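Asks: requesting a structural model of the entry that follows:
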Amino acid sequence: MKRIEEYKELLKSRLSEYRYHHSLCVAESAVELAKRYGADEEKALVAGLLHDITKEAGKDEHFELFELGKLELTSLERVNHKLWHAMSGAVYIKEKLNITDEEILDAVRYHTTARAGMSLLEKVIYIADFISADRVYDDVDVVRELAEKSIEETMLYTQRYSINELVFKGACIHPDSVACYNEIVLNK
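Replies: Next up, the predicted model:
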């Protein structure tokens, strides 16, 4: 686990104390969920720790990473800055940390929007980000309870919750989120 300590030091240098604490909490939740549902615990720990590695990066760094990763942003992604860190974070950990495990890269890449066809690890990281110990929002206890019982029911609930929040705010909904929601509903 030597690399884990290196990752923690890197996160401390890149993130505020608040965001660093959040990353530790997500990693802890991810490992618990991985144990419960049979995902790889070490991958969950790494992805949970690193999921927000570029969350506090400036616009220039995000766009350098998009270029490095040969990412073409859609018009929706270009104007929605809250989505950038998931995309640039996956590039960062691949190109700068030499993490090439596609499952970890995808877990970081889709932890904000979700998507259709998510792996178990992707779902674990997505939900861990929702239920980490530092989270405080109206339905957090409901989501935590669901996460103890069913990963699929938790995914459905969190997708409904997120989409409703975006609609209420008058914000755009990423097509990956819609595809995830539709896939869950169609497979019920």
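Asks: which helix is the longest one in the chain?
Replies: Using DSSP state H to assign secondary structure, the helix with the most residues in the chain is helix 17-37.
Asks: show the pLDDT at Asp138.
Replies: At Asp138 the predicted local confidence, pLDDT, stands at 86.
Asks: that one and Thr158, how far apart?
Replies: 13 Å (C-beta to C-beta, to the nearest Å). C-betas here are computed from N, CA, C, even on glycine.
Asks: have a look at those two and say which one is more surrounded.
Replies: Neighbours per residue, other C-beta atoms under 10 Å: of Asp138 and Thr158, the larger number sits with Thr158, 25 against 8.
Asks: name the nearest residue to the more buried one, sequence neighbours excluded.
Replies: In space, and not counting its chain neighbours, Thr158 is closest to Phe130: 5.4 Å by C-beta to C-beta, 6 or more residues apart in numbering.
Asks: got it, and Ile93?
Replies: Taking C-beta to C-beta, 6+ apart, and ignoring the residues beside it in sequence, Ile93 has Ile99 as its nearest neighbour in space, at 4.6 Å.
Asks: low-confidence ranges in this protein?
Replies: Screening the chain residue by residue with the criterion pLDDT under 70, one finds the ranges 1-2.
Asks: I'd guessed Tyr92 sits against His51; true?
Replies: No. Counting by C-beta atoms under 8 Å, Tyr92 sits too far from His51 to count as a contact (11.1 Å).
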